[in-house]
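J.: Build me a model from this:
(2 chains)
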Amino acid sequence: MPGLMARLSLIFKAKFSKALDRAENPNETLDYSYEEQLRQLQNVKRGIADVTTAKKRLELQYTSMQQQVDKLDGQARDALKANREDLAREALTRKAAVQGQLDGIMQQGQQLEAQQSKLVEGERTLQAKVEAFRTQKEVIKAQYSAAEAQVRIGEAATGIGEQMADVGLAVQRAKDKTEQMQARANAIDELTASGALTDLTSSGDDIDRQLAQISQGGQVDDELAKLKAEVGGGGEAPKAIEGEEAK
Amino acid sequence: MIVRLLGEGQFRVDDSLIGRLNELDAEVEKAVAAGDERALWTGLQALADAVRENGVKLADDDLSPSDAVIPPEDLSLEEARELLQDEGFIPDVPVAS
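T.: Numbers count the residues shown, from 1 in each chain, chains lettered A, B, ... in the order given. Here you go, the predicted model:
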């Protein structure tokens, strides 16, 4: 079995020798080829636009997931202040799960970034080649015999086909990458929906509720103490109650 | 000869480089067989570097076809296996149909 380079070269040769065989009626083929190239170029542009859109959507999701991490961190702190180590542990466990997915998305995002800049470069090259083909086809029509033209068309079409396949593959790989990232983001959503990871940003969160109860309990104690102090004028609480009864 | 680095473009290199490229290609193949993604990436990078260092980039409007095609440097092990198994890895392009 040949190596990857050898294998890939064989695949390309097989693919584009077909293109070469089909170039039989030079003038018609030339015009048709060019129209096909323009159509493919549009497809490539649409593909690149799709990747950009998917990446933007993921960036928005990333922000909301980061907020979840921050919130869980805050909850862990609040829980610890209230001497509830169990709640703090729960919050930190959830934080680790979300953070793990986030880190994965971040890493894939960096790879996507690199792929994206190559895509733009590849599209620019493709555009230049299609433009060169447009000029060259007129030269071929005007200056060459049918047999010569056939050879030149075959070569030019193969050169463009290669570039097209290259950019097409790059678009496909970038799309796959955004889909992998989306799957990670969805995994967090699914964890949330299934209850394994309660929706951490909603007010119905059990950690939130328990923390709220603790702080409400604390408030009641504080106010009670304040009231006692006011009513009793610094004296004993029972006296104040007696005074009220006497009234 | 003309070598295409997928995702990067075409380079004209001296024919004397073919031997070196084939050696590196064999290392890449070994890495895939061993299921070693790190070694795969190292191998692919060595291939790409050899072309970049010894080659001259072709002009964007040059329509010459390539004599050899080298996979992207960040190819995953899974993609590499797909590439070795079938032709589906490269999308069909009906350019001159």
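J.: Quick one: residues contacting the residue lying closest to B:Glu73 once chain neighbours are set aside.
T.: With CB to CB, 6 or more residues apart in numbering or on different chains as the criterion, B:Glu73 has its nearest non-adjacent residue at 4.8 Å, and that residue is B:Leu44. Just so you know, the C-beta spots here come from the backbone N, C-alpha and C atoms, and that holds for glycine as well. Contact analysis of B:Leu44 by CB atoms under 8 Å, 6 or more residues apart in numbering or on different chains lists A:Leu4, B:Val28, B:Ile70, B:Pro71, B:Pro72, B:Glu73, B:Leu75.
J.: quick one, strands of chain B?
T.: B:2-5, B:9-12, B:56-57, B:68-70 (DSSP state E).
J.: Of those strands, give the one that comes closest to B:Val32.
T.: strand B:68-70 (14.2 Å; CB to CB).
J.: The closest one vs chain A: in contact?
T.: Yes. Using CB under 8 Å from any CB of the partner chain, strand B:68-70 reaches chain A at B:Ala68, B:Val69, B:Ile70.
J.: List of residues touching stretch B:70-82?
T.: Residues from elsewhere that reach stretch B:70-82 (CB under 8 Å, 6+ apart): A:4-5, A:8, A:111, A:114-115, A:170, A:173, B:3-8, B:21, B:32, B:35, B:37, B:40-41, B:44-45, B:47-48, B:51, B:83, B:88-89.
J.: didn't B:Ala68 look like it was pressed against B:Arg20?
T.: No. Using CB atoms under 8 Å, B:Ala68 is not in contact with B:Arg20; the gap is 11.9 Å.
J.: The spatially most central residue of chain B bridge partners, please.
T.: Centroid-nearest residue in chain B, with CA atoms, centre = their mean: B:Ile70, separated by 0.5 Å. Beta-bridge partners for B:Ile70, by DSSP bridges, are B:Leu5.
J.: Surely A:Ile105 and A:Glu59 touch.
T.: No. At 9.9 Å, A:Ile105 does not count as touching A:Glu59 under the criterion of CB under 8 Å.
J.: and the one helix or strand A:Gly122 maps to, what does it pack onto?
T.: Per DSSP states H and E, A:Gly122 falls inside helix A:85-143. Contacts defined by 3 or more CB pairs under 8 Å, 6 or more residues apart in numbering or on different chains; DSSP states H and E place helix A:85-143 against helix A:26-81, helix A:146-193, helix A:206-232, strand B:9-12.
J.: Can you check what angle separates it from helix A:26-81?
T.: Put simply, helix A:85-143 runs at 170 degrees to helix A:26-81, going by axes from the mean of the first three to the mean of the last three CA atoms, to 10 degrees.
J.: How far off centre is helix A:85-143?
T.: Relative to the centre of its chain, helix A:85-143 is centred 10 Å away, using CA atoms, centre = their mean, to the nearest Å.
J.: mean confidence for it?
T.: On average, the pLDDT along helix A:85-143 is 88.
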